[in-house]
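Undergrad: predicted structure and sequence below. I'll ask about it afterward.
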Amino acid sequence: MNSIFVQSLLLLLIISATCQAGTVACYQSAILLKCPLKACAAIGNVRNDEVYPSDCFVIGKDPGLNSKYFRINLPAGRYGYVLSKYCSGNVDMC
């Protein structure tokens, strides 16, 4: 009886860990971009001292810059991108 309970609990923990989105904390207000490139259109902004859902980061193609961009999850399955110099988080590369 205990083994079924332990197996069910383990399965539940694995599912919740894989489905949980990461987060990114922004410590400075910044522009949220449509793509991971500084020349892309602005679609909004992030605010300082706010936490945003994020699954991963990407490396942009900006020449000569620290071009790590966090991909912020937006409503309706959309994404926005913010430079890592404004936010930080522990998420994997996309």
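TA: Received, thanks.
Undergrad: can you give me the pLDDT of Leu11?
TA: Looking at Leu11, its pLDDT stands at 38.
Undergrad: so what are the sheet partners of the strand ranked longest in the chain and their directions?
TA: Assignment by DSSP state E gives strand 50-59 as the longest strand of the chain. If you go by DSSP bridges, strand 50-59 pairs up with strand 22-26 (antiparallel), strand 68-73 (antiparallel), strand 92-93 (parallel).
Undergrad: so what's Val51 up against?
TA: Thr23, Val24, Ala25, Cys26 (Cβ atoms under 8 Å, 6 or more residues apart in numbering). Quick note: C-beta positions are derived from backbone N, CA and C, even for glycine.
Undergrad: at 10 Å instead, please
TA: Residues near Val51 by Cβ atoms under 10 Å, 6 or more residues apart in numbering: Thr23, Val24, Ala25, Cys26, Cys87, Gly89.
Undergrad: returning to what we had before: in JSON lines, list the strands paired with strand 50-59 along with mean pLDDT, mean neighbour count and distance to Glu50.
TA: As requested, those are arranged in JSON lines below (pLDDT from 0 to 100; neighbours: other Cβ atoms under 10 Å; distance: least, Cβ to Cβ, whole Å):
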{"stretch": "strand 22-26", "mean pLDDT": "95", "mean neighbour count": "19", "distance to Glu50": "6"}
{"stretch": "strand 68-73", "mean pLDDT": "95", "mean neighbour count": "22", "distance to Glu50": "11"}
{"stretch": "strand 92-93", "mean pLDDT": "94", "mean neighbour count": "8", "distance to Glu50": "22"}
